[in-house]
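Visitor: Just a sequence and a predicted model for now, questions to come.
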Amino acid sequence: MKEIVGFIIFQLLDKAPLFLGFIALIGLMLQGKKANEVIDGTIKTIIGLLVITIGSGTLLKSLTPIMGKLNSTLGIQGVLPANEAAFGVAMLHFANDVTLTFILGFLIHLLFVWMIPFKRCKNVYLTVHIQLFLATFMVVSLPGALGLSGFPLIITGAVLCALYWTLTPAITRALAQHFIGDDLTLGHNQQVGAWVASRIAKVCGNPDQDAEEMKLPGFLAMFRDNTISLSFLMPLIFLGIGLAVGADGIGQLSGNTNWVVWLIMEGLTFTAGVVILLVGVRMFIGSIVPAFKGISDRLLPDAVPALDCPALFPYSPTGAMLGFIASVAGALVVMGATIAFNCPIIVFPSPIIMFFDGCTMGVFGNKYGGYKGALAAGFVTSVIAHAGIILLYPLMGSLFGSGLMFSNIDFTLVWLPVLYLLKLVGAAFGLVL
């Protein structure tokens, strides 16, 4: 019997895909799902995580050599903020801790929503992939800030996640009351950023000058597709890194292939890795979400859903595009500044910050300051988000040095000061050096 229990715990459940499949199995069975639905959800959860692992391996294979060459040649740390990539790499090592942090955090979040009497806090966070990114961020960063590991790490991370998931959607629910009402609110890592965007827009623009009265070139719409935008952006980023390293340095990596062609292909390979990873994320999320959504629907049937940021884009599509354009400019300014001032950490433009953050900030910017507000909000928040990476990246524990980092503006606005505060507490109590 002892051998059987040991086999289950240390052989089966110690393997992240099987552990997560077991979680999905239990969640679906508790809801009384049909046998075929239980099998479908369990298998797709397992395969989804395996696909994530394959995508992560592709990312590392394309990014690690060139980032290593850049770092050794210039004596700096190059970093690309990209949630999915950072999540995939971290899950290779911390999948079980991340999953437990997410599950416990989600249950605490539901408890908070049930307990808090204020109507605007009655929001259920349903953007599970974003929740997983934050849970991963906690698992990676809290050991360095507070010296935590094991169950204390999971508990602390879960409580911090639950507080964020419960309190911050109330911010955007209030901000968007005049154009969305109580139909939905934002459930991303951008809620505090949206408040900042609205303040910037009020100062810089006029809400009567509505961006929706402007006409933008139709070709900009194609950048809403992740694959298209990354296929343009990543080869350019790789070429930029290659120019910094030099033809001789890249030639040591490219072999018989022309160094420019090699850089373009590596950029496209990185894009392919992200596409593979996203397929895995969608499969994984699509299988495990029903268990958690079912629980929340039963416990809190009147709560407002906190949803992914694209749910807000239709409320100001032109404002969203202006925010995206301005966010690209902000990202380039930060990258140029980190290079010009010989910063030890070079921050490359983040596809996630530029598009998803930029569009969201553009929506709120336009609603509070018209087209000028959308442009100002997109630009300033992009600068804040990218510049914050310089201080955040060294706090990322084992993720530091990978060349990958979590993105979205609230990591800078909320979690950067929180981590430094926790680091001071940890030092005061002798938890960290």
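Guide: Now that the structure is in, tell me what you want to look at.
Visitor: how close does residue 357 sit to residue 349?
Guide: When distance is defined by C-beta to C-beta, to the nearest Å, residue 357 is 12 Å away from residue 349. Every residue, glycine included, has its C-beta placed from N, CA and C.
Visitor: So which of these two has more stuff around it?
Guide: residue 357 (32 against 23; other C-beta atoms under 10 Å).
Visitor: How about the contacts made by that one?
Guide: Going by C-beta atoms under 8 Å, 6 or more residues apart in numbering, residue 357 touches 190, 193, 309, 327, 381-382, 385, 407-409.
Visitor: And these, which is the shakiest by pLDDT?
Guide: The member of these with the lowest pLDDT is residue 309, at 85.
Visitor: hang on, it packs against residue 185?
Guide: No: between residue 309 and residue 185 there is no contact, the gap being 11.0 Å when judged by C-beta atoms under 8 Å.
Visitor: on that earlier part again, out of the contacts of residue 357, flag the one nearest to residue 51.
Guide: The shortest approach to residue 51 among the contacts of residue 357 belongs to residue 407, at 21.5 Å (C-beta to C-beta).
Visitor: how about the strands in the stretch 301-433 of the chain?
Guide: 304-307, 345-347, 404-405 (DSSP state E, counting those that start in this stretch).
Visitor: what's the most buried one of those strands?
Guide: strand 404-405 (a mean of 26; mean count of other C-beta atoms under 10 Å).
Visitor: what is the rounded mean pLDDT of that one?
Guide: pLDDT averaged over strand 404-405 gives 90.
Visitor: and that strand, what does it pack onto?
Guide: strand 77-81, helix 83-115 (3 or more C-beta pairs under 8 Å, 6 or more residues apart in numbering; DSSP states H and E).
Visitor: Pull the residues that contact it.
Guide: With C-beta under 8 Å, 6+ apart as the contact definition, strand 404-405 has outside contacts at 59, 63, 79-82, 85-86, 89, 389, 392-393, 396, 399.
Visitor: ok, now stretch 113-123?
Guide: Contact with stretch 113-123 is made by 112, 124, 166-167, 169-170, 173-174, 185, 187, 299-300, 302-306, as judged by C-beta under 8 Å, 6+ apart.
Visitor: Filter those down to just the ones in helices.
Guide: The members of the contacts of stretch 113-123 that map onto helices under DSSP state H are 112, 166-167, 169-170, 173-174, 299.
Visitor: what's the closest of the residues you listed to residue 277?
Guide: residue 169 (26.2 Å).
Visitor: Can you tell me how far that closest one is from residue 191?
Guide: In terms of C-beta to C-beta, residue 169 sits 6 Å off from residue 191.
Visitor: what's residue 406 in contact with, if anything?
Guide: Residue 406 touches 81, 83, 86-87, 133, 136-137, 392, 396, counting by C-beta under 8 Å, 6+ apart.
Visitor: Among those residues, the buried ones, what's the PyMOL command?
Guide: The buried residues among the contacts of residue 406 can be selected in PyMOL (16 or more other C-beta atoms under 10 Å) with this line:
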select buried, resi 81+83+86+87+133+136+137+392+396
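Visitor: Which two of the contacts of residue 406 have the greatest separation?
Guide: The span of the contacts of residue 406, defined through C-beta to C-beta, is set by 87 and 392 at 15.2 Å.
Visitor: can you give me the helices in the stretch 251-400 of the chain?
Guide: 259-299, 317-340, 351-352, 358-392 (DSSP state H, counting those that start in this stretch).
Visitor: Distance to residue 28 for those - can I get that in TSV?
Guide: Formatted as TSV, the helices of the stretch 251-400 of the chain follow (distance: least, C-beta to C-beta, whole Å):
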stretch	distance to residue 28
helix 259-299	6
helix 317-340	36
helix 351-352	30
helix 358-392	32
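Visitor: most tightly surrounded among those?
Guide: Highest mean neighbour count of the helices of the stretch 251-400 of the chain: helix 358-392, a mean of 28 (counted as mean count of other C-beta under 10 Å).
Visitor: Just the terminal-to-terminal distance for stretch 197-210.
Guide: Terminal residues of stretch 197-210 lie 16 Å apart, using C-alpha to C-alpha, to the nearest Å.
Visitor: residues making contact with that stretch?
Guide: Under C-beta under 8 Å, 6+ apart, the answer for stretch 197-210 is 175, 360-361, 364-378, 380-381.
Visitor: Same question for stretch 160-176.
Guide: Contacts for stretch 160-176 (C-beta under 8 Å, 6+ apart): 101-102, 105-106, 108-109, 111-113, 116, 118, 120-121, 123, 125, 131, 134-135, 138, 182, 185-187, 191-192, 194-195, 198, 304, 306, 312, 315, 364, 367, 410, 414, 418.
Visitor: in that stretch, what counts as buried?
Guide: Of all the residues in stretch 160-176, those buried under the rule 16+ other C-beta under 10 Å are 160-162, 164-173, 175-176.
Visitor: Could I get the contacting residues of the nearest residue to residue 409 once chain neighbours are set aside?
Guide: Leaving aside its chain neighbours, residue 409 sits nearest to residue 193 (3.4 Å; criterion: C-beta to C-beta, 6 or more residues apart in numbering). Residue 193 is in contact with 357, 360-361, 381, 384-385, 408-410, 413, counting by C-beta under 8 Å, 6+ apart.
Visitor: Tell me if residue 193 really is in a strand.
Guide: No: in this structure, residue 193 is helix, not part of a strand, as judged by DSSP: H, G, I helix; E, B strand; the rest coil.
Visitor: Now stretch 272-289: average pLDDT?
Guide: Computed over stretch 272-289, the average pLDDT equals 74.
Visitor: Could I have the CA atoms of it written out in PDB?
Guide: Provided in PDB are the C-alpha atoms of stretch 272-289 (Å, rounded to 0.1, in the frame of the first residue of the first chain):
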ATOM      1  CA  ALA A 272       5.800  30.000 -34.300                       C
ATOM      2  CA  GLY A 273       6.700  29.100 -30.700                       C
ATOM      3  CA  VAL A 274       4.200  31.600 -29.400                       C
ATOM      4  CA  VAL A 275       1.500  30.300 -31.800                       C
ATOM      5  CA  ILE A 276       2.100  26.700 -30.500                       C
ATOM      6  CA  LEU A 277       2.100  27.900 -26.900                       C
ATOM      7  CA  LEU A 278      -1.200  29.800 -27.500                       C
ATOM      8  CA  VAL A 279      -2.800  26.700 -28.900                       C
ATOM      9  CA  GLY A 280      -1.800  24.900 -25.800                       C
ATOM     10  CA  VAL A 281      -3.000  27.700 -23.500                       C
ATOM     11  CA  ARG A 282      -6.400  27.800 -25.300                       C
ATOM     12  CA  MET A 283      -6.800  24.000 -25.000                       C
ATOM     13  CA  PHE A 284      -5.800  24.000 -21.400                       C
ATOM     14  CA  ILE A 285      -8.000  27.000 -20.500                       C
ATOM     15  CA  GLY A 286     -10.900  25.700 -22.500                       C
ATOM     16  CA  SER A 287     -10.800  22.500 -20.600                       C
ATOM     17  CA  ILE A 288     -10.300  23.700 -17.000                       C
ATOM     18  CA  VAL A 289     -12.400  26.900 -17.100                       C
END
